[in-house]
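Visitor: Provide a 3D model corresponding to the input given below.
(chains A and B)
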Number of protein chains: 2
Amino acid sequence: MWAGVAPDASRRLLLAAVDSFAELGYHGTSTRHIAAGAGMSAGALYVHYRTKADLLFQIALTVHESVLAELEASVEGVDGPAARVRALMYAFARWHARHHRAARVIQNELGALDAAHARRIAAIRRRVRALVREEVRAGAAAGVFDVADIEGTARAMSSLAIDVCRWYRPEGPRSPEEIGALTAHLSLRMLGARP
Amino acid sequence: MWAGVAPDASRRLLLAAVDSFAELGYHGTSTRHIAAGAGMSAGALYVHYRTKADLLFQIALTVHESVLAELEASVEGVDGPAARVRALMYAFARWHARHHRAARVIQNELGALDAAHARRIAAIRRRVRALVREEVRAGAAAGVFDVADIEGTARAMSSLAIDVCRWYRPEGPRSPEEIGALTAHLSLRMLGARP
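Guide: Numbering: from 1, shown residues only, chains lettered A, B, ... in the order given. From the prediction side, this is the model:
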């Protein structure tokens, strides 16, 4: 997820910021602490990011663009409403297990984004929600799903996948792939998909 | 939920702490800020709570004891696996909509509890999870639910209810009761409950 962040110092600072926000929260973190975590001086940090708010936004943007790309790729070339929902929800939950730490920081700190940043992130979140809702709607229209409340059921599916980042522990008994498969299965059940 | 906290000054301090933690996070909050939020001096705060950690623990304890009591009451005298799960999940999700603010603070800040406090809260959380899992297990044993993965499905049901506190907005289109009813319906679907 961070591979596209260049130069190397920028990436190290983002990762140090994720660590620091996870430990102390956004408001409890100083740029000095982040710089120290990346083995840099506070002055060197400002070459890459003007403010702590910029760091939070870059993390939020990286995280949200990564989710969206993963979801879009997951259904590419997949045919049939049930197969598409299965692929989508597998990818959605697996992503939140794999990237649970950064995802959790961002879920917790969305409220700390400043207004312009929050609008850009909200736009990506709307696209993610629309992607799930559109699959539910298409399957219901095709008579493959039996859904009375399309909006509410799509919300619940997203919620189930996103909340993985809250409870997932790498040392736990399930792999990200197993969590993805279970989430896909339970989503199809929620949709009343015909077996 | 806070009605049992006495005296009045203790309750006002807890509520001010919830506000402050929600706004600034646990690590970003000072006891001075909490006291000011309650219209008190920092000195007056220490009469009621020795440390900021004590405040966090009292909030966590109040929140978790409230959830557990609500869930236990929800199934009292209810017969039949499907009716019991419906009652349980309705109460579980509705509680997290009604108390979304305090619940969210606590979900975000569980990691900030000190070790002894964390153990007491973890014990209550285990009882909550066991309550859900036991209903799933009983229904599967009775042949009313069709569940291959009891532990994973029960976890998903809890996750769906808890995550309500992350996305619920009082100004949104759904009431806590509607969210409770939808969560109960979707839980029964996840369980493959016979109609």
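Visitor: relative to residue A:151, how far out is residue A:64?
Guide: Residue A:64 is 21 Å from residue A:151, where distance means C-beta to C-beta, to the nearest Å. All C-beta atoms are positioned from the backbone trio N, CA, C, and that covers glycine.
Visitor: so for these two, which sits in the more crowded spot?
Guide: Comparing residue A:64 with residue A:151 by neighbour count (other C-beta atoms under 10 Å in any protein chain shown), the higher total belongs to residue A:64, at 20 against 14.
Visitor: the more buried one touches residue A:121, doesn't it?
Guide: Yes. Contact between residue A:64 and residue A:121 holds when scored by C-beta atoms under 8 Å: they sit 5.7 Å apart.
Visitor: and the closest residue in space to residue A:193 that isn't next to it in sequence, how far is that from residue A:136?
Guide: Among residues not flanking residue A:193 along the chain, residue A:82 sits closest, at 4.9 Å (C-beta to C-beta, 6 or more residues apart in numbering or on different chains). According to C-beta to C-beta, residue A:82 and residue A:136 sit 11 Å apart.
Visitor: who touches both of those two?
Guide: Counting by C-beta atoms under 8 Å, 6 or more residues apart in numbering or on different chains, the residues touching both residue A:82 and residue A:136 are residue A:145.
Visitor: and the two? Which one has more around it.
Guide: The neighbour comparison of residue A:82 against residue A:136 (other C-beta under 10 Å) goes to residue A:136, with 25 against 20.
Visitor: look up the closest residue to the more buried one, ignoring the ones flanking it.
Guide: Here the residue nearest residue A:136, using C-beta to C-beta, 6+ apart, is residue A:154, at 4.6 Å.
Visitor: same check, this time on residue A:52
Guide: Computed as C-beta to C-beta, 6+ apart, the closest residue to residue A:52 that is not its neighbour in sequence is residue A:31, at 5.3 Å.
Visitor: list the contacts for the one you found?
Guide: By C-beta under 8 Å, 6+ apart, the neighbours of residue A:31 are A:42, A:45, A:46, A:49, A:51, A:52, A:55.
Visitor: please redo it, this time with the cut-off set to 10 Å
Guide: A:13, A:17, A:20, A:42, A:45, A:46, A:49, A:50, A:51, A:52, A:54, A:55 (C-beta atoms under 10 Å, 6 or more residues apart in numbering or on different chains).
Visitor: check the offset of the helix or strand containing the third one from the chain's centre.
Guide: Secondary-structure assignment from DSSP states H and E places residue A:20 in helix A:8-24. Per C-alpha atoms, centre = their mean, to the nearest Å, the displacement of helix A:8-24 from the mean C-alpha position of its chain is 17 Å.
Visitor: flag every buried residue along it.
Guide: A:9-22, A:24 (16 or more other C-beta atoms under 10 Å in any protein chain shown).
Visitor: restrict these to those near chain B?
Guide: Contacts with chain B within the buried residues of helix A:8-24, as defined by C-beta under 10 Å from any C-beta of the partner chain: A:21, A:22, A:24.
Visitor: wait, residue A:110 sits on residue A:103?
Guide: No. Using C-beta atoms under 10 Å, residue A:110 is not in contact with residue A:103; the gap is 11.1 Å.
Visitor: higher neighbour count, these two?
Guide: Per other C-beta under 10 Å, whichever of residue A:110 and residue A:103 has more neighbours is residue A:103, with 24 against 17.
Visitor: that one: which element?
Guide: Applying DSSP H and E as the criterion places residue A:103 in helix A:100-109.
Visitor: what packs against that helix?
Guide: Helices and strands touching helix A:100-109, by 3 or more C-beta pairs under 10 Å, 6 or more residues apart in numbering or on different chains; DSSP states H and E, are helix A:8-24, helix A:52-74, helix A:81-98, helix A:150-162, helix A:164-167, helix B:100-109, helix B:164-167.
Visitor: what do you get if the cut-off is 7 Å, keeping everything else the same?
Guide: helix A:8-24, helix A:52-74, helix A:164-167 (3 or more C-beta pairs under 7 Å, 6 or more residues apart in numbering or on different chains; DSSP states H and E).
Visitor: nearest to residue A:146, out of those helices?
Guide: helix A:52-74 (23.3 Å; C-beta to C-beta).
Visitor: residues touching that closest one, excluding its own?
Guide: For helix A:52-74, the surrounding residues in contact (C-beta atoms under 7 Å, 6 or more residues apart in numbering or on different chains) are A:1-2, A:5, A:13-14, A:17-18, A:26, A:29, A:31, A:34, A:49, A:87-88, A:91-92, A:95, A:99, A:102-103, A:105-106, A:109, A:112-114, A:117, A:121, A:124-125, A:127-128, A:131.
Visitor: what average pLDDT does that helix get?
Guide: Confidence for helix A:52-74, expressed as mean pLDDT, is 97.
Visitor: then stretch A:135-149?
Guide: 97.
Visitor: which other residues reach that stretch?
Guide: Taking C-beta under 7 Å, 6+ apart as the rule, stretch A:135-149 contacts A:81-82, A:84-85, A:88, A:150, A:153-154, A:191-194, B:182.
Visitor: swap in stretch A:164-184?
Guide: Around stretch A:164-184, the neighbours that count as contacts under C-beta under 7 Å, 6+ apart are A:86, A:89-91, A:93-94, A:96-98, A:100, A:103-104, A:107, A:160-161, B:107, B:149, B:152, B:159.
Visitor: would you mind listing where chain A has pLDDT under the threshold?
Guide: The model of chain A has pLDDT under 70 over residues A:195.
Visitor: mind naming the longest helix for it?
Guide: helix A:115-141 (DSSP state H).
Visitor: which positions within that one qualify as buried?
Guide: A:117, A:121, A:124-125, A:128, A:131-133, A:135-137, A:139-140.
Visitor: again with stretch A:173-188
Guide: The neighbour-count check on stretch A:173-188 (16+ other C-beta under 10 Å) flags A:174, A:176, A:179, A:180, A:181, A:182, A:183, A:184, A:185, A:186, A:187, A:188 as buried.
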